[in-house]
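K.L.:
Below are the sequence and a predicted model; questions follow.
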Amino acid sequence: MSASRVGVITYDWYPFDPRVRRLAMAAASGGYKVDVVCLRQPGEGPRDESEGVQIYRMPMDRGFGRSLPMTILYWCWFMLLSGMTITRLHLRHSYDVIHVHNMPDFLVFAALIPRLLGAKIILDVQDVSPELMAAKASGRLLPIVKRLAIWQERISVAFVQHVVTVGRPFEDLLLQRGVPREKLSVILNSTDPELFPASYRPLPPAEIDGQPRPFIVMYHGTLAERNGLDIAIRALAQAREIVPNIRLDIKGRGEHVPFLKSLARELKIEDQVVFSDPCALEDLVKFIAHGDVGIIPYRRDGFMDLVLPTKAYEFAWLHRPIIASETPAICSMFRSESLELCDPAKPEEFARAIIDLAQHPEKRARLVADATEDYKPYQWEKMALLYQQLLATLSKKQVRKEEVYPVASN
């Protein structure tokens, strides 16, 4: 009997995207053959293999800062290319399940022919389209864009056999919009201990080569206006008056980078704000381990209020205290005593939190202990098992004990 197969489609890079990689590895650990159809970065080939996962890269890059019409055009072109690829692969070796990660939701129609031939389709809602599109659009386009986003979400959900999303806020919205509860699962985007070993938890030394080490506040991820890194830079400019050895390390890319660099120069702190490009997860763990405090300064809007940031799980798992915007999503994940919550409209609150944690190591330790306790129900081993059980249900495959995702020791 041939092995069960899972196809994956993502308008992103692989293995760069953490969620896609974790779920693909969980499927492979559950005994499935896994193929991923994704974008291609400069220097990458059309075919590759990583950790037992076969990768098929389309000749497209993701790009940042495109207009909304151009973004939709690129989505449609990728849907066509990925659809031809996944159909060809399905005809060669039938897929039991095809897992499609949004954005966009309508990317599920790339799997039209495999679905007609019996494959079960999962839509993974990493971002809720109507709220994200509303955050990106403005003026007279706003109501039109939101209606179109709701419409394409509705038909995409109707097309698939199951919908997976990343947390309770998104789950509640999808239920309100008519997704049947039995068709919806939550698999949190928590941290895989195989990729983020607990051995990286110890704090870096206070001195390097006999010199005092900077107190490092860190952020990694997308650099768009909604992510609020300008708030963090303004807070740093205020905090350095009290904590002169402070530094903000930012790892990521996005359309807001030129503005952020200009702001750092304007505030005369460009030597204390360090930008670096995104990296593989194996190097990201080193980035987190080198810092003292993680910062998540998201702006409050209809979309960011709902986002459960992956970096919060990573900071909690690697025992780094967190300063974050007081959004409903973040408050649904951690108790108020587990992190420093701030109003993103007030950079001075972030500045006070940075100063407080820089001056009080015992408070950092208490926040770490509380956040670690909050994180226990979200640990990746539990999420991976839920995913394996979902694949087994859709593919009619029985999960054997030896196929369950391996649990790393703490």
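P.N.:
Right, received. Where do you want to start? Computed from a prediction, not measured in an experiment: that's the story for all the values here.
K.L.:
okay, CA-based contacts and neighbour counts for the rest of this
P.N.:
OK.
K.L.:
next one: phi and psi at residue 8?
P.N.:
When read as degrees, to the nearest 10, the backbone of residue 8 gives phi -130, psi 130.
K.L.:
Spit out the contact partners of it.
P.N.:
Going by C-alpha atoms under 8 Å, 6 or more residues apart in numbering, residue 8 touches 24, 34, 35, 36, 37, 98, 99, 100, 101.
K.L.:
Please repeat the previous calculation with a cut-off of 7 Å.
P.N.:
By C-alpha atoms under 7 Å, 6 or more residues apart in numbering, the contact list for residue 8 reads 35, 36, 37, 98, 99, 100.
K.L.:
Residue 55 too?
P.N.:
Counted by C-alpha under 7 Å, 6+ apart, residue 55 has contacts 35, 36, 37, 47, 48, 49.
K.L.:
who does the helix or strand containing it pair up with?
P.N.:
Assessed by DSSP states H and E, residue 55 sits inside strand 53-58. Strand pairing for strand 53-58, determined by DSSP bridges: strand 33-39 (parallel), strand 47-50 (antiparallel).
K.L.:
Show me which residues of that strand are buried.
P.N.:
Residues 53, 54, 55, 56, 57, 58 are the ones in strand 53-58 that count as buried (16 or more other C-alpha atoms under 10 Å).
K.L.:
Sketch out the low-pLDDT regions of the stretch 101-250 of the chain for me.
P.N.:
Low-confidence segments of the stretch 101-250 of the chain (pLDDT under 70): 138, 210.
K.L.:
can you do 90?
P.N.:
Residues of the stretch 101-250 of the chain that meet the criterion pLDDT under 90 lie in 127-147, 167-169, 189, 192, 194-195, 203-212.
K.L.:
Show me the shaky parts of the stretch 251-400 of the chain.
P.N.:
Scanning the stretch 251-400 of the chain for pLDDT under 90 picks out 279-283, 301-304, 306-308, 332-333, 378, 396-400.
K.L.:
show me where it has strands.
P.N.:
273-276, 293-296, 322-325, 340-342 (DSSP state E, counting those that start in this stretch).
K.L.:
Adjacent strands (with direction) for the third one?
P.N.:
The reference is to strand 322-325. strand 293-296 (parallel), strand 340-342 (parallel).
K.L.:
Distance from the last one to the middle of the chain?
P.N.:
Averaging C-alpha coordinates over strand 340-342 and over its chain gives two centres that are 21 Å apart (C-alpha atoms, centre = their mean, to the nearest Å).
K.L.:
Just list the residues touching residue 69, thanks.
P.N.:
With C-alpha under 7 Å, 6+ apart, residue 69 has no contacts at all.
K.L.:
tell me the average confidence for the strand or helix carrying it?
P.N.:
In this structure, residue 69 sits in helix 68-92 according to DSSP H and E. Regarding helix 68-92, the rounded mean pLDDT is 94.
K.L.:
And it, what's buried?
P.N.:
Buried positions in helix 68-92, judged by neighbour count with 16+ other C-alpha under 10 Å: 71, 74-76, 78-79, 81-83, 85-87, 90.
K.L.:
rewinding a little: quick one: closest of the strands of the stretch 251-400 of the chain to residue 302.
P.N.:
strand 322-325 (14.0 Å; C-alpha to C-alpha).
K.L.:
Convert that closest one to CSV, retaining C-alpha atoms only.
P.N.:
Only the C-alpha atoms of strand 322-325 are listed here, as CSV (Å, rounded to 0.1, in the frame of the first residue of the first chain):
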residue,chain,number,x,y,z
ILE,A,322,7.9,40.6,26.6
ILE,A,323,6.8,44.2,26.2
ALA,A,324,3.6,44.3,24.0
SER,A,325,0.7,46.4,22.9
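K.L.:
Go ahead and confirm residue 134 touches residue 140.
P.N.:
No - using C-alpha atoms under 7 Å, residue 134 is not in contact with residue 140; the gap is 11.3 Å.
K.L.:
The two: which is more packed in?
P.N.:
residue 134 (20 against 8; other C-alpha atoms under 10 Å).
K.L.:
how much space between that one and residue 395?
P.N.:
36 Å (C-alpha to C-alpha, to the nearest Å).
K.L.:
okay, now residue 156: neighbour count?
P.N.:
Residue 156: 18 neighbours (other C-alpha under 10 Å).
K.L.:
isn't it right up against residue 105?
P.N.:
Yes - counting by C-alpha under 7 Å, residue 156 does reach residue 105; the two are 5.9 Å apart.
K.L.:
follow-up on the earlier one: so can I have JSON lines of the buried residues of strand 53-58 showing pLDDT?
P.N.:
JSON lines is the format used below for the buried residues of strand 53-58 (pLDDT from 0 to 100):
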{"residue": "53", "pLDDT": "96"}
{"residue": "54", "pLDDT": "97"}
{"residue": "55", "pLDDT": "98"}
{"residue": "56", "pLDDT": "98"}
{"residue": "57", "pLDDT": "97"}
{"residue": "58", "pLDDT": "96"}
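K.L.:
export those to JSON lines and tack on distance to residue 19?
P.N.:
What follows is the buried residues of strand 53-58, written out as JSON lines (distance: C-alpha to C-alpha, whole Å):
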{"residue": "53", "distance to residue 19": "14"}
{"residue": "54", "distance to residue 19": "16"}
{"residue": "55", "distance to residue 19": "15"}
{"residue": "56", "distance to residue 19": "17"}
{"residue": "57", "distance to residue 19": "17"}
{"residue": "58", "distance to residue 19": "19"}
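K.L.:
with those in mind, which one is nearest to residue 171?
P.N.:
Of all those, residue 53 has the smallest distance to residue 171: 28.9 Å, by C-alpha to C-alpha.
K.L.:
can you put the contacts of residue 8 in CSV and add neighbour count and distance to residue 148?
P.N.:
Output for those, formatted as CSV (neighbours: other C-alpha atoms under 10 Å; distance: C-alpha to C-alpha, whole Å):
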residue, neighbour count, distance to residue 148
35, 23, 31
36, 28, 28
37, 26, 26
98, 27, 25
99, 26, 23
100, 30, 20
